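Novice: Give the three-dimensional model of this entry:
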Amino acid sequence: MSKPYLRLLREDDFWLIKQIHSSLFQFDYDEAQFASADMMNSSRWLCLAAVQPEEQQQQLAGFIIAALGTKKEFEQGGFSEEASSDGGGSTPEEASLNVETARQPDGSSGDTQSTLQRPSLGLEQLPGSEAEDAADALLVNVCLLGVMPAFQRRGIASMLMTQVMNTARTIRSKGVFLHVLEGNEGALRFYERLGFQQVGRVPDFYTTTITQSENPEAAAESSAPAQLKDALLLHQTIEASSTVGQQKGSADTL
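Specialist: Predicted structure coming up:
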């Protein structure tokens, strides 16, 4: 079998992600949060697809969506292109490949500025957040990471995270942060093997109304009441001298 390769996400990829979202994640799909046109045309978003060549077809095996910005920009709910940097149900183990890192869908209009609007990301809990220059520190936020069921346990999630971490290093980011649904032990183990540490908790971070269903459309149309769930804040400091592939226990068996 041919090895998977990475490319940028395309418009049809976003459509597919929307269709299968409820079967991969335990929170609602946010139409405004994942505005494909804005993401694909912005240097402040890193949207990657892992593609598995299968005979004449190229199948989407996994995907990752990450945002780049300063701590101040994330906290204030938006960023400008001019601020770019120098470099320019599942089992618990299966859940680790579909990591819940999306944000609350509270009233965004879909443009790049508003996609970062949330009540709180909990970034005041990040290490060094009280330093004088902390507000201007460049950070990377992993917003969504998923692997299609047929391609789980093949190292796809690790490959996608490795690319994001190396990109963060290239642009001289100070760190990478993300959120995980509290109780998702599989996701926590996956990120711990990549070197992430839990640094805080964000109350009522996720909004979910979906119900487990084999029919994604039926789940998306569910009238179940919305529920708010807490998130755990994970962080990893970027060291310029290391690469993800060199880290001990880099989860390359996933």
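
Novice: just the strands in the chain please.
Specialist: 5-8, 45-54, 57-70, 138-147, 175-181, 197-208, 227-237 (DSSP state E).

Novice: lowest-confidence helix or strand of this structure?
Specialist: Within the chain, judged by mean pLDDT, DSSP states H and E, the helix or strand with the poorest mean is helix 92-95; its value is a mean of 32.

Novice: quick one, which of the strands of the chain is nearest to V164?
Specialist: For V164, the closest of these is strand 57-70, at 5.2 Å, according to Cβ to Cβ. (Each C-beta comes from the backbone N, C-alpha and C, glycine too.)

Novice: Mind giving me the packing neighbours of that closest one?
Specialist: Applying 3 or more Cβ pairs under 8 Å, 6 or more residues apart in numbering; DSSP states H and E, we find strand 57-70 packed against helix 11-24, strand 45-54, strand 138-147, helix 156-170.

Novice: could you dump the strands of the chain to CSV with mean pLDDT?
Specialist: Output for the strands of the chain, formatted as CSV (pLDDT from 0 to 100):
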stretch, mean pLDDT
strand 5-8, 95
strand 45-54, 92
strand 57-70, 92
strand 138-147, 95
strand 175-181, 95
strand 197-208, 91
strand 227-237, 94
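
Novice: Tell me which of those approaches Y191 most closely.
Specialist: Among the strands of the chain, strand 227-237 comes nearest to Y191, with 5.4 Å by Cβ to Cβ.

Novice: Report all helices and strands that that closest one contacts.
Specialist: Against strand 227-237 (3+ Cβ pairs under 8 Å, 6+ apart) you get strand 175-181, helix 185-193, strand 197-208.

Novice: Which of those sits closest to Q19?
Specialist: Counting by Cβ to Cβ, Q19 lies closest to strand 197-208 out of those; the figure is 17.8 Å.

Novice: buried stuff in that closest one?
Specialist: For strand 197-208, the neighbour count (16 or more other Cβ atoms under 10 Å) marks 199-200, 202, 205-208 as buried.

Novice: And for stretch 154-162?
Specialist: 154-162.

Novice: One more: stretch 12-32?
Specialist: By neighbour count on 16+ other Cβ under 10 Å, the buried set for stretch 12-32 is 13-14, 17, 20-30, 32.

Novice: Flag the shaky bits of this structure, pLDDT-wise.
Specialist: Counting by pLDDT under 70, the chain has low-confidence residues at 1, 31-37, 55-56, 78-119, 209-224, 240-254.

Novice: let's see 50
Specialist: Along the chain, the model assigns pLDDT under 50 to residues 80-117, 212-214, 219-220, 246-254.

Novice: now the buried residues of strand 197-208 as JSON lines including distance to Q76?
Specialist: As requested, the buried residues of strand 197-208 are arranged in JSON lines below (distance: Cβ to Cβ, whole Å):
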{"residue": "V199", "distance to Q76": "21"}
{"residue": "G200", "distance to Q76": "19"}
{"residue": "V202", "distance to Q76": "17"}
{"residue": "F205", "distance to Q76": "18"}
{"residue": "Y206", "distance to Q76": "22"}
{"residue": "T207", "distance to Q76": "21"}
{"residue": "T208", "distance to Q76": "26"}
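
Novice: Lovely, talk soon.
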